[in-house]
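> structure of the sequence below:
(one chain, ligands or ions: 1)
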Amino acid sequence: MVVNVHKVSDGVSEVELPEGCVICGGDLHVRMVGDGAMSYCPSCHHIGRARATVKGDGLRVDFRVAGRA
Ligand SMILES: [Zn+2]
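From the prediction side, this is the model:
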């Protein structure tokens, strides 16, 4: 998957994950601050937490799934 990383400001980046929303399957916007990340879906307005790790040219985004025991 190819993702475009937009640098918002120092230490803050934003990526767009096509069909990345776990709720509605819409495009998911993930804002990375340090080693934490917030995800936001403009389609269903779902806000979630994620953890983004940049390794070389690759970007790994782990979502914390809420509501699971
Ligand atoms: Zn959504």
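> and residue 18, how many residues sit next to it?
Neighbour count for residue 18, taken as other CB atoms under 10 Å: 12. In short, each C-beta sits where N, CA and C put it, glycine included.
> what sits closest to it if chain neighbours are left out?
Among residues not flanking residue 18 along the chain, residue 27 sits closest, at 5.4 Å (CB to CB, 6 or more residues apart in numbering).
> near the ion, which residues of the protein?
Proximity of the chain to the ion (CB under 5 Å from the ion) is limited to residues 21, 23-24, 26, 41, 43-44, 46.
> across the sheet, point out what pairs with residue 32.
Beta bridges link residue 32 to residue 13, residue 37, judged by DSSP bridges.
> what about the longest strand in this structure?
What stands out as the longest strand in the chain, according to DSSP state E, is strand 47-55.
> quick one: buried residues of it?
48, 50, 52 (16 or more other CB atoms under 10 Å).
> so for it, mean pLDDT?
Confidence for strand 47-55, expressed as mean pLDDT, is 79.
> and stretch 20-36, by the same measure?
Stretch 20-36 shows an average pLDDT of 87 in the prediction.
> what's it in contact with?
For stretch 20-36, the external contacting residues (CB atoms under 8 Å, 6 or more residues apart in numbering) are 8, 11-19, 37-44, 46, 48-53, 61, 63, 65.
> can you list the residues of the chain next to the ion in a markdown table and add secondary structure?
Formatted as a markdown table, these follow (DSSP: H, G, I helix; E, B strand; the rest coil):
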| residue | secondary structure |
| --- | --- |
| 21 | coil |
| 23 | coil |
| 24 | coil |
| 26 | coil |
| 41 | coil |
| 43 | coil |
| 44 | coil |
| 46 | coil |
